[in-house]
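J.: my questions concern the predicted model and sequence given below.
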Amino acid sequence: MWYYLFKYVLMGPALWLMARPKVEGLEHVPDDGPALLASNHLAVVDSFYLPIAVRRRIFFLAKSEYFTEPGFKGRFKKWFFSSSGQIPIDRSGGSAAAGALLAGKRVVEDGGLLCLYPEGTRSPDGRLYKGKTGLARMALETGAPVIPVAMIDTDKINPPGTILPRPTRITLRFGEPLDFSRYEGMAGNRFIERAVTDEIMYALMRLSGQQYVDVYAASLKNKPVDDEAPKPKGDAA
């Protein structure tokens, strides 16, 4: 109930007027059935404008810090994010992250629409960063199509470090669904999961027009960004 109140009454109309979103390719999002949205991530408001643009209810995987802050403010955040379809995920890795991904997988297997940000965090400078393979694993395990989504100029309405939004025209561009059925039964193969992830990131690069940087965004947070930055070893999920 709260999801639709936020969308149509409490927040949606004001957000729509503030950004006057231009929505392209919405026909690529199925009216029902399991599907995954793979979006670039420029600003906190990405998770607000996607539900406004798409008729179906969207679920998100959100960082667990939104749900664990103490005090009244923390309880309010937990209620708000839970009511708006957010599923907490522990980004530190290990079994906690696996549990959150399992919860997301259940959403898809129940016929839901789940959105993930394959970069794992917001872009620190507006460029598109290397994708993590959790989304690919979920796509391979569920067989659900992956619909790439480009959020454009949302970082101008909600620049990093700001609280009050700044009215700016934004664009949401949905691409054609990506079908990975050719890799059926190959979930868990890290080379296949990396290939699937790279295909998704290539689609996002073409849709968004962003410059691609082949390092993880999280490794550059709070550090100067350099095109020649060394690639981290290993492959995070």
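T.: In hand now; what should we look at?
J.: what sits against the residue nearest the centre of the chain?
T.: The centre of the chain sits closest to residue 117, judged by Cα atoms, centre = their mean, with a distance of 2.6 Å. For residue 117, the contacting residues are 38, 39, 40, 41, 46, by Cβ atoms under 8 Å, 6 or more residues apart in numbering. To be clear about C-beta, it is placed using only N, CA and C from the backbone, and glycine gets the same treatment.
J.: residue 176 now?
T.: By Cβ under 8 Å, 6+ apart, the contact set of residue 176 is 25, 28, 147.
J.: going by distance to residue 173, which of those wins?
T.: residue 25 (5.9 Å; Cβ to Cβ).
J.: for the closest one, phi and psi?
T.: Taking degrees, to the nearest 10, you get phi 80, psi 20 for the backbone angles of residue 25.
J.: with residue 212 instead?
T.: phi -90, psi 140.
J.: just give me the neighbour total for it.
T.: Residues lying near residue 212 (other Cβ atoms under 10 Å) number 15.
J.: who does it form a beta bridge with?
T.: Listed by DSSP bridges, the beta-bridge partners for residue 212 are residue 128.
J.: same check on residue 147?
T.: Residues in beta-bridge contact with residue 147 (DSSP bridges): residue 37.
J.: show me the contacts for it.
T.: Taking Cβ under 8 Å, 6+ apart as the test, what residue 147 contacts is 28, 29, 35, 36, 37, 38, 174, 175, 176, 177, 178.
J.: and the last one, what are its bridge partners?
T.: If I follow you right, that is residue 178. In beta-bridge terms (that is, DSSP bridges), residue 178 pairs with residue 146.
J.: distance of it from residue 100?
T.: Here residue 178 is placed at a distance of 23 Å from residue 100 (Cβ to Cβ, to the nearest Å).
J.: tell me which of the two has more neighbours.
T.: The residue with more neighbours, out of residue 178 and residue 100, is residue 100; 20 against 17, by other Cβ under 10 Å.
J.: returning to that earlier point: quick one: the residue nearest to the centre of the chain from residue 204, how far?
T.: 10 Å.
J.: in this protein, mark out all the helices, start to finish.
T.: 2-5, 12-19, 46-53, 65-68, 71-83, 94-109, 134-142, 154-157, 190-208 (DSSP state H).
J.: per-residue pLDDT, residue 223?
T.: With respect to pLDDT, residue 223 scores 60.
J.: for the one 3 residues further on, same thing?
T.: For residue 226, the pLDDT comes out at 46.
J.: got it, and residue 231?
T.: 44.
J.: overlap in contacts of residue 117 and residue 204?
T.: With Cβ under 8 Å, 6+ apart as the test, residue 117 and residue 204 both reach 38, 39, 40.
J.: quick one: which of those residues is most hemmed in?
T.: Greatest neighbour count in these, by other Cβ under 10 Å, goes to residue 40: 28 neighbours.
J.: residues contacting it?
T.: 117, 119, 123, 128, 149, 150, 151, 204, 208, 210.
J.: ok, now how distant is residue 104 from residue 200?
T.: Counting by Cβ to Cβ, the gap from residue 104 to residue 200 is 16 Å.
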